[in-house]
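**Q** here is a sequence together with a model predicted from it:
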Amino acid sequence: MDKTNPNATDIERRMEGIAGDMRGIGEMLVGSITTNRNRKARKRKEGEYVSPPHYTFNYKDEAGKPRWKRIRPEWVDRFRALVENGRRWERLAKEYGRLATRRALADGSKKTSGCRDLGCSGSKKPSGRSNPPSGGTGRKAPKTSTKP
């Protein structure tokens with residue numbers, strides 16, 4: 001933590017608050033609920049009948065494939081509360097990620113600060129390789145003809 005940069009401490013304080021909010025969410029579902037209905041009127045002895053709504057929870061499995069589950073009407077309110085908790089968690093996670101990025105960049109705002117930490121001088125970036133590949137200059141050797 002950089003105590004000399006007030007912006008960094010504000011960011012860290014906000015990140016701690018978001019982390020606490022995320023821990024307090026509890027149970028959640030990430031997905032959505034859709035309401036479907038067969039609107040076609042059916043004629044019966046008692047008169048016309050329109051089917052009641054049926055509810056579906058849509059989500060993605062571990063592999064990212066879309067899946068769905070039918071929900072009983074008496075469970076819809078509970079599922080909606082869980083889905084809202086999931087939306088709240090996703091919003092908080094996105095904000096936490098943005099703040100973490102800002103925090104990471106807060107100390108590296110100068111051109112050479114990140115490079116200085118890696119041990120290089122000036123504005124040079126480390127090359128990643130200390131020596132050229134074996135064989136000297138790294139160029140291909142000229143082809144020699146073997147014809148007599």
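**A** Good, I have the coordinates. Computed from a prediction, not measured in an experiment: that's the story for all the values here.
**Q** okay, and for the protein, where does confidence drop off?
**A** Applying pLDDT under 70 to the chain flags the ranges 1-6, 41, 107-148.
**Q** where do the strands sit along it?
**A** For the chain, the strands defined by DSSP state E occupy 32-36, 42-44, 47-49, 54-60, 66-71.
**Q** for those, give me JSON lines that also has distance to residue 95 and mean neighbour count.
**A** Every C-beta, even on glycine, is put in place using the N, C-alpha and C of the backbone. As requested, these are exported to JSON lines (distance: least, C-beta to C-beta, whole Å; neighbours: other C-beta atoms under 10 Å):
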{"stretch": "strand 32-36", "distance to residue 95": "21", "mean neighbour count": "13"}
{"stretch": "strand 42-44", "distance to residue 95": "49", "mean neighbour count": "9"}
{"stretch": "strand 47-49", "distance to residue 95": "48", "mean neighbour count": "10"}
{"stretch": "strand 54-60", "distance to residue 95": "22", "mean neighbour count": "15"}
{"stretch": "strand 66-71", "distance to residue 95": "26", "mean neighbour count": "12"}
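**Q** and of the ones you listed, who's closest to residue 92?
**A** Counting by C-beta to C-beta, residue 92 lies closest to strand 32-36 out of the strands of the chain; the figure is 18.2 Å.
**Q** that closest one packs against which elements?
**A** For strand 32-36, the elements it packs on are strand 54-60, helix 76-106, judged by 3 or more C-beta pairs under 8 Å, 6 or more residues apart in numbering; DSSP states H and E.
**Q** can we see that at 10 Å?
**A** With contacts taken as 3 or more C-beta pairs under 10 Å, 6 or more residues apart in numbering; DSSP states H and E, strand 32-36 sits against strand 54-60, strand 66-71, helix 76-106.
**Q** what is the second one packed up against?
**A** Read it as strand 66-71. For strand 66-71, the packing partners by 3+ C-beta pairs under 10 Å, 6+ apart are strand 32-36, strand 54-60, helix 76-106.
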